[in-house]
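Asker: Kindly return the folded structure for what I paste below:
(one chain, ligands or ions: 1)
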Amino acid sequence: MFAAVNRRYERYDNAMIIELAPGIKFVRAQSAGFPYCHSILIDSEIRAVIDTGAGDKAFAPVEPERVDLVINTHYHRDHTAGNHLFPKARVLVHPLEYPPLVDEEARRYYAGLHRIDRISEINPMVIKRTRSDKIIPPRIFKVDGFLTDGDTIDFGHIQATVLHLPGHTPGHIGFYFEREGIVCGADIDLIPSGPWYGDYLSNLDDFEASIHRIIELKPRIYCCAHRKPLRDNIQEKLLQYLNTIGDTEDKVAEHLSHPLSLDELVGRNIIYKKYDYPYNAFWERNMIEKHLERMVKKERVVQVNETRYQLA
Ligand SMILES: [Zn+2]
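Answerer: Predicted coordinates for the structure are as follows:
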């Protein structure tokens, strides 16, 4: 995800590798938050890495030149930044994540950056600077094949089923290691501030359905991209995480006792406590926009004129 600096991440001092089950290893990111993410190493007959954002130091003990397969759970840079560290690996993604990986225009469209200049003119809170482009310049990635929902990957003595878990992005995927009771849910990341759906193509209903799907699998161990692996109260934590979406919707509603436009709602810190990162207001706008659309559909909110909304 394009994680924001004021989201609450766990902080770590050292990179390290934790074995979750024989051959399934958690590669802890060398630093918390964007542009890093935790990765998974499958150390089987086929050696595979799921997401490459842990950082080159974290991957050094993995012996990257011996990795056969890289799987990106989605196109976001904190999950793909280290693809180049694995020179011999084939790269697999969901087909819906292919366009933003191979085409910069598509990446901007998925993120909603194609609208940023127009929105910046309407709302000066939405800043034009693209700081993360300076952290990791736009890059075109190599993709060798696709994974879709229900595919089984046979790594040798380890098998995993692909879970299409859309919402965060359209082709966001996770993995179910049924024998070991492990689910990897990538950016269904259980961070306390809740799900992130700040891309233009993020989808609230899909995100909620994807969280429910993981809850129903009743994982024994749950791995995600920005927290340490969880072993206790997983279903409860997933439900709490899911409920933050409804809490945000309630906060939006509280502001709409009198008519406000989407741009007037941005800047009221409904989602981000601070707008200290150039993209925060932009993402907040994208996220509130999705809530407004859904609240209109549910008839919780009505559109009172061309730009303003109010509680029904
Ligand atoms: Zn992401």
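
Asker: And the residue of the stretch 51-200 of the chain that's closest to the ion?
Answerer: residue 76 (3.5 Å; C-beta to the ion). To be clear about C-beta, it is placed using only N, CA and C from the backbone, and glycine gets the same treatment.

Asker: What about the spatially closest residue to residue 151 that is not a sequence neighbour, how many residues nearby?
Answerer: Once flanking residues are discounted, residue 151 sits nearest to residue 162: 4.3 Å by C-beta to C-beta, 6 or more residues apart in numbering. Residue 162 is flanked by 20 other residues according to other C-beta atoms under 10 Å.

Asker: In this structure residue 162 contacts residue 153, no?
Answerer: Yes - contact criterion C-beta atoms under 8 Å: residue 162 and residue 153 qualify, at 6.9 Å.

Asker: got any residues that touch both of the two?
Answerer: Counting by C-beta atoms under 8 Å, 6 or more residues apart in numbering, the common neighbours of residue 162 and residue 153 are 147, 175.

Asker: With just CA atoms, put stretch 287-294 into CSV.
Answerer: Extracted as CSV, the C-alpha positions of stretch 287-294 are listed here (Å, rounded to 0.1, in the frame of the first residue of the first chain):
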residue,chain,number,x,y,z
MET,A,287,-11.5,7.3,0.9
ILE,A,288,-14.3,9.8,2.0
GLU,A,289,-15.5,9.8,-1.6
LYS,A,290,-16.1,6.1,-1.4
HIS,A,291,-18.0,6.4,1.8
LEU,A,292,-20.2,9.2,0.3
GLU,A,293,-21.0,7.1,-2.7
ARG,A,294,-21.9,4.2,-0.5
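
Asker: in that stretch, what counts as buried?
Answerer: Residues 287-292, 294 are the ones in stretch 287-294 that count as buried (16 or more other C-beta atoms under 10 Å).

Asker: Please flag which of the residues you listed sit within helices.
Answerer: Those of the buried residues of stretch 287-294 mapping onto helices are 287-292, 294, per DSSP state H.

Asker: near the ion, which residues of the stretch 101-250 of the chain show up?
Answerer: By the rule C-beta under 5 Å from the ion, the part of the stretch 101-250 of the chain lying against the ion is residue 187.

Asker: ok, 6 Å please
Answerer: Proximity of the stretch 101-250 of the chain to the ion (C-beta under 6 Å from the ion) is limited to residues 168, 187.

Asker: what about the strands in the stretch 101-250 of the chain?
Answerer: Using DSSP state E, counting those that start in this stretch, the strands of the stretch 101-250 of the chain run over 145-146, 152-154, 159-164, 173-177, 182-184, 221-223.

Asker: helices and strands around the last one, which ones?
Answerer: Think strand 221-223. Based on contacts counted as 3 or more C-beta pairs under 8 Å, 6 or more residues apart in numbering; DSSP states H and E, the elements that strand 221-223 packs against are strand 17-21, strand 182-184, helix 234-255.

Asker: So which residues make contact with the shortest one?
Answerer: Surrounding strand 182-184, the residues in contact under the criterion C-beta under 8 Å, 6+ apart are 20-21, 24, 40, 50, 73, 163, 174-177, 214, 217, 219-224.

Asker: Now which of those would you call buried?
Answerer: Listed as buried from those are 20, 24, 40, 50, 73, 163, 174-177, 214, 217, 219, 221-224; burial here means 16+ other C-beta under 10 Å.

Asker: circling back: pull the contacting residues for the residue nearest to residue 151.
Answerer: Applying C-beta under 8 Å, 6+ apart, the residues near residue 162 are 94, 147-153, 173-175.

Asker: Show me the beta-bridge partners of it.
Answerer: For residue 162, the beta-bridge partners are residue 175 (DSSP bridges).

Asker: Over to residue 43?
Answerer: Beta-bridge partners recorded for residue 43 (DSSP bridges): residue 47.

Asker: these two touch, right, it and residue 25?
Answerer: Yes - Residue 43 is within contact range of residue 25, at 5.9 Å (criterion: C-beta under 8 Å).
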